[in-house]
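Trainee: give me a 3D structure for the following:
(chains A, B, C and D)
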Protein chains: 2
Amino acid sequence: MDRKPNSQTTAIWVLLNIAHKRVTQTFEAELKRAHLPSAAWYDILWALERAEEGMRQNELERQSLFDQPNLSRTIKRMVDDGLVTQCPAATDRRGRELRITEEGKALRAQMWKVYGGLMLSEIEDKVPAEHLAGLIEGLASMIPDQDEKLQGKLKNARETAINPPKGPC
Amino acid sequence: MDRKPNSQTTAIWVLLNIAHKRVTQTFEAELKRAHLPSAAWYDILWALERAEEGMRQNELERQSLFDQPNLSRTIKRMVDDGLVTQCPAATDRRGRELRITEEGKALRAQMWKVYGGLMLSEIEDKVPAEHLAGLIEGLASMIPDQDEKLQGKLKNARETAINPPKGPC
DNA sequence: ATTAGATACATGCACATGCATCTATTATTT
DNA sequence: AAATAATAGATGCATGTGCATGTATCTAAT
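Mentor: Below you'll find the model as predicted:
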């Protein structure tokens, strides 16, 4: 190797790992403490709640960080728990049409109280304003532009910010 | 809930997850492609290589992102692979004194060719200079200052930058 | 010195993840 | 129309992770 990473590169790599693990663990621990499912379930529920017409499973796969087999199993558990329905797709008999149930919506609203609060306490209250732009742009720069998961996720993020969950939140 | 996360907070949360998963998966995939162990193994080998006098297992636990049971098993596998020795500690018979073997050093050097290259291609070449500071400070701000793992890891990072691996790198 | 508590590490178990592969259906080629 | 390839989704298997607990040793309190 002719080049070696500089100290800022090393710091980013190290901090990315530590920050992600710490924030993630805090989220998961607090959700568990409230007897709620994991953050990944929230993301699925919220994606399906915004898709009024239902959503194909492969489309959800693109928008989520799940790989296909893992999403398949997760959806199965959510169906078993009555949070989601999974019907054969109308136009493609290979496919599955996913829809959130009323029970699923109720759970998502319940989760939002914890999940949204954690976003405030673990991120919004901690990252100083002068580093917001650098953090966001820096993180985004490590993700390929054509990344479909990013497009889906960012769309998700934008809509989350614009159309926050209604109800008692 | 009286407050709700703003769009920047949402973006950080989403991007943190996506960027971490993407970068991590790239690292793991490339290491696997080169028939090398995971990045976590590299971190352990490098920590032990810098500890000339050997290192207690609980000290390594503080410096790594492993929790205790997981580190215990990982070390066992590394011992089985001849990369690390694990002797009873001299002063505390509960403890274990870890030391890297010559074979372990050789593997770490081998891994560095891939690992270091990935830090360059996935981070250094992608994050524009104007966002370096914001990214680093932003990530650090999400980690509690008194976090021992951070102290250990940052020390690690500093030394990695200051005393880069020798040899054919 | 004895006991109670803390610490270091190991182990068992439940669950999540990544990867390869399988089946069913659709699309494409000839 | 038949054959081939591509796609949607499910399943099996190996591995990793978090958490509770177990065992041994050390420390502190009485």
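
Trainee: return the nearest residue of chain A with respect to chain B.
Mentor: Closest to chain B within chain A is A:Gly134: 1.3 Å, counting by CB to the nearest CB. In this view, the C-beta of every residue, glycine as well, is placed from N, C-alpha and C.

Trainee: so A:Leu31 sits against A:Gly116, correct?
Mentor: No. A:Leu31 is beyond contact range of A:Gly116, at 11.8 Å (criterion: CB atoms under 8 Å).

Trainee: I figured the residue of chain A closest to chain B was touching B:Leu139, is that so?
Mentor: No. Shown here, A:Gly134 and B:Leu139 do not form a contact pair, counting by CB under 8 Å, at 10.0 Å.

Trainee: compare those two (neighbour count), which wins?
Mentor: Set A:Gly134 next to B:Leu139 and count neighbours by other CB atoms under 10 Å in any protein chain shown: B:Leu139 wins out with 27 against 22.

Trainee: the residue of chain A closest to chain B sits in which helix or strand?
Mentor: helix A:132-141 (DSSP states H and E).

Trainee: before we move on, back to that, for the residue of chain A closest to chain B, which non-adjacent residue is spatially closest?
Mentor: Leaving aside its sequence neighbours, A:Gly134 sits nearest to B:Gly134 (CB to CB, 6 or more residues apart in numbering or on different chains; 1.3 Å).

Trainee: give me the number of residues near A:Ala19?
Mentor: 23.

Trainee: host element of it?
Mentor: Per DSSP H and E: helix A:7-33 holds A:Ala19.

Trainee: helix or strand: which one has the closest residue to A:Ala34 other than its chain neighbours?
Mentor: The spatial neighbour of A:Ala34 that comes closest, neighbours along the chain excluded (CB to CB, 6+ apart), is A:Val114 at 5.1 Å. A:Val114 is located in helix A:102-119, with elements delineated by DSSP H and E.

Trainee: got a pLDDT number for A:Met78?
Mentor: As predicted, A:Met78 sits at a pLDDT of 96.

Trainee: contacting residues around the residue nearest to it when sequence neighbours are not counted?
Mentor: Nearest residue to A:Met78, sequence neighbours excluded (CB to CB, 6+ apart): A:Val84, at 4.3 Å. Contacts of A:Val84 were listed using CB atoms under 8 Å, 6 or more residues apart in numbering or on different chains, and they are A:44-45, A:48, A:75, A:78, A:98-101, A:104.

Trainee: specify the beta-bridge partners of A:Val84.
Mentor: A:Ile100 (DSSP bridges).

Trainee: distance check, it against DNA strand D.
Mentor: Taking CB to the nearest atom of the strand, to the nearest Å as the measure, A:Val84 falls 11 Å from DNA strand D.

Trainee: A:Pro5 too?
Mentor: Between A:Pro5 and DNA strand D the computed distance is 22 Å (CB to the nearest atom of the strand).

Trainee: what does chain A put close to DNA strand C?
Mentor: Contact residues, chain A versus DNA strand C (CB under 7 Å from any atom of the strand): A:38, A:40, A:66-67, A:69-70, A:73-74, A:77, A:92-94.

Trainee: try 6 Å
Mentor: Residues of chain A lying near DNA strand C by CB under 6 Å from any atom of the strand: A:40, A:67, A:69-70, A:73, A:92-94.

Trainee: in what helix or strand does the residue nearest the centre of chain A lie?
Mentor: By CA atoms, centre = their mean, chain A has its centre lying nearest to A:Asp43, at 4.0 Å. Assigned by DSSP H and E, A:Asp43 belongs to helix A:39-50.

Trainee: any idea which helix or strand comes after that helix?
Mentor: Immediately after helix A:39-50, counting by DSSP H and E, sits strand A:55-56.

Trainee: so which elements touch that next one?
Mentor: Contacts defined by 3 or more CB pairs under 8 Å, 6 or more residues apart in numbering or on different chains; DSSP states H and E place strand A:55-56 against strand A:96-100.

Trainee: in helices, which of the residues of chain A next to DNA strand C fall?
Mentor: A:40, A:69-70, A:73 (DSSP state H).

Trainee: how about those residues in JSON lines, adding pLDDT and neighbour count?
Mentor: JSON lines is the format used below for these (pLDDT from 0 to 100; neighbours: other CB atoms under 10 Å in any protein chain shown):
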{"residue": "A:Ala40", "pLDDT": "96", "neighbour count": "16"}
{"residue": "A:Pro69", "pLDDT": "96", "neighbour count": "9"}
{"residue": "A:Asn70", "pLDDT": "96", "neighbour count": "13"}
{"residue": "A:Arg73", "pLDDT": "96", "neighbour count": "10"}
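
Trainee: and which of those residues is nearest DNA strand D?
Mentor: Closest to DNA strand D out of these is A:Pro69 (2.7 Å), distances taken as CB to the nearest atom of the strand.

Trainee: next up, the contacts around that closest one.
Mentor: With contact set as CB under 8 Å, 6+ apart, A:Pro69 has no partners.

Trainee: now do A:Arg3
Mentor: Contacts of A:Arg3 by CB under 8 Å, 6+ apart are B:Leu120.

Trainee: which SS class is it?
Mentor: Following DSSP: H, G, I helix; E, B strand; the rest coil, A:Arg3 is assigned to coil.

Trainee: now do it against DNA strand C, distance only.
Mentor: A:Arg3 is 27 Å from DNA strand C, by CB to the nearest atom of the strand.
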